[in-house]
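Participant: Provided below are the primary sequence and the corresponding predicted coordinates.
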Amino acid sequence: MIIDIHAHCCDLRTPGSMDRVPLTMDALLARLNDEGIDRAVMLPWPACPEAVTFPGLFGDMPDVVSQIRASAAHPDRLIPFGNLDVRWGGNSASADFRWLLERYVDLGCRGIGELGGNLPFDDPRVVNVVRQCGELDLPVLFESCGPGEGKYGLIDEPGSPRLERLLQLAPNTTIIGHGPGFWAEIGPLLGPEAKSGYPTGPIGDGGSLQRLLRTYPGLFADISAYSGFNALTRDPQRGLAFIKEFSDRLLFGTDTCFADAEGRMPQLGFLKDLALAGGITDEEYAAIVGGNAERVLAFKA
Ligand SMILES: [Zn+2]
């Protein structure tokens, strides 16, 4: 069973990328068939205002619920997540999201994400939502970046102190990390700017990502997008050691954002090659491409 933990079905173009081919539900299903992927977690987008890039508002299925309903029509292939903005419902750290979360579960959702917002990971409104997701056994998948304005991911400083605080404040919730701010932490960071980027070269010692994965069993890592692929491949020897140590915590994903050929992602081919070459065992491969996701989603075929 191969599960893409990170897929979209909406128009993710920006005014500066109108030459790209926008995603549709048909394009998502065709890609899964073409790449030999059994199922995909469909993450509806956008929910937070920082993620609105305008062209999507004019495409098909511009909102979270329409994307969930369209995915629920393909229960053999798609596993929808719900999505929300932690400022919904009155912009309060005590807002009750249970009614919404229960409706998402009724629609077939198995988690929440990808959660964004130009807010710190340990903002009380974020903690409030993540705790409530844990009460309903809904894993939460985050977009993550460094500090500053103009970003749609949850923000943090080098070393991920705010993500660590969230992990401590919501210990009963499965948290799936994703994005530059999460993966740059595979090695020590030189400054805040590096956390929103794609550091290259040797990983070195002292990355906070490894420390958090070793310390918090509820933390999983979504290897999708260039952020995940770069982290695993920038230092082949240390990258392989990371993959083997955390083979029970890594989740294969693509975060394919466009329907054109250049939108395809290399993660699955990379893992297949690694298994064929004997770098990882068949068991490690099976866990990363789908077994761990089945566990996180409490999902059995
Ligand atoms: Zn995404």
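Facilitator: Here it is on my side, so go on.
Participant: Next, the buried residues of the helix or strand residue 214 falls within.
Facilitator: Using DSSP states H and E, residue 214 sits in helix 208-215. Residues 208, 209, 210, 212, 213 are the ones in helix 208-215 that count as buried (16 or more other Cβ atoms under 10 Å). The C-beta positions use only the backbone N, C-alpha and C, and glycine is treated the same way.
Participant: Make JSON lines from these and add distance to residue 230 to it.
Facilitator: JSON lines is the format used below for these (distance: Cβ to Cβ, whole Å):
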{"residue": "208", "distance to residue 230": "17"}
{"residue": "209", "distance to residue 230": "13"}
{"residue": "210", "distance to residue 230": "16"}
{"residue": "212", "distance to residue 230": "19"}
{"residue": "213", "distance to residue 230": "18"}
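Participant: Same list, those residues, but as CSV with distance to residue 293 and pLDDT please.
Facilitator: Formatted as CSV, these follow (distance: Cβ to Cβ, whole Å; pLDDT from 0 to 100):
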residue, distance to residue 293, pLDDT
208, 24, 97
209, 19, 98
210, 21, 98
212, 20, 98
213, 16, 98
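Participant: now, among those residues, which is nearest to residue 122?
Facilitator: Minimum distance to residue 122 across those is 13.6 Å, recorded for residue 212 (Cβ to Cβ).
Participant: how about that closest one, what does it touch?
Facilitator: Contacts for residue 212 (Cβ atoms under 8 Å, 6 or more residues apart in numbering) come out as 160, 163, 164, 167, 185, 219.
Participant: Could you identify the most distant pair in the buried residues of helix 208-215?
Facilitator: Using Cβ to Cβ, the buried residues of helix 208-215 reach their maximum pairwise distance at 208 and 213, which is 9.6 Å.
Participant: still on that earlier bit, among the contacts of residue 212, which ones are in helices?
Facilitator: Judged by DSSP state H, helices contain the following of those: 163, 164, 167.
Participant: Can you tell me, leaving aside adjacent residues, what's nearest to the last one?
Facilitator: Of all residues beyond its chain neighbours, the one nearest residue 167 is residue 216 (4.5 Å), with distances taken as Cβ to Cβ, 6 or more residues apart in numbering.
Participant: The second one too?
Facilitator: Nearest residue to residue 164, sequence neighbours excluded (Cβ to Cβ, 6+ apart): residue 212, at 6.1 Å.
Participant: And that neighbour, how close does it get to residue 254?
Facilitator: As judged by Cβ to Cβ, to the nearest Å, residue 212 and residue 254 stand 23 Å apart.
Participant: swap in residue 71?
Facilitator: Taking Cβ to Cβ, one finds residue 71 at 16 Å from residue 254.
Participant: Out of the helices and strands in the protein, which is least certain?
Facilitator: Ranked by mean pLDDT, DSSP states H and E, the helix or strand of the chain with the weakest confidence is helix 192-195, at a mean of 92.
Participant: which residues of the protein fall in strands?
Facilitator: Using DSSP state E, the strands of the chain run over 3-7, 39-42, 78-80, 112-115, 140-142, 144-145, 154-155, 175-177, 219-222, 250-251.
Participant: okay, the ones you listed in TSV with distance to residue 87, mean neighbour count and mean pLDDT next?
Facilitator: Below are the strands of the chain laid out as TSV (distance: least, Cβ to Cβ, whole Å; neighbours: other Cβ atoms under 10 Å; pLDDT from 0 to 100):
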stretch	distance to residue 87	mean neighbour count	mean pLDDT
strand 3-7	23	28	98
strand 39-42	23	27	98
strand 78-80	22	24	98
strand 112-115	12	30	98
strand 140-142	16	25	98
strand 144-145	18	26	96
strand 154-155	13	26	98
strand 175-177	20	27	98
strand 219-222	24	25	98
strand 250-251	27	28	98
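Participant: and these as a markdown table, adding distance to residue 60?
Facilitator: Shown next, in a markdown table, are the strands of the chain (distance: least, Cβ to Cβ, whole Å):
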| stretch | distance to residue 60 |
| --- | --- |
| strand 3-7 | 16 |
| strand 39-42 | 14 |
| strand 78-80 | 16 |
| strand 112-115 | 20 |
| strand 140-142 | 23 |
| strand 144-145 | 28 |
| strand 154-155 | 28 |
| strand 175-177 | 27 |
| strand 219-222 | 26 |
| strand 250-251 | 28 |
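Participant: right, and those - which one's nearest residue 274?
Facilitator: Set against residue 274 and scored by Cβ to Cβ, the strands of the chain come closest in strand 250-251, at 11.8 Å.
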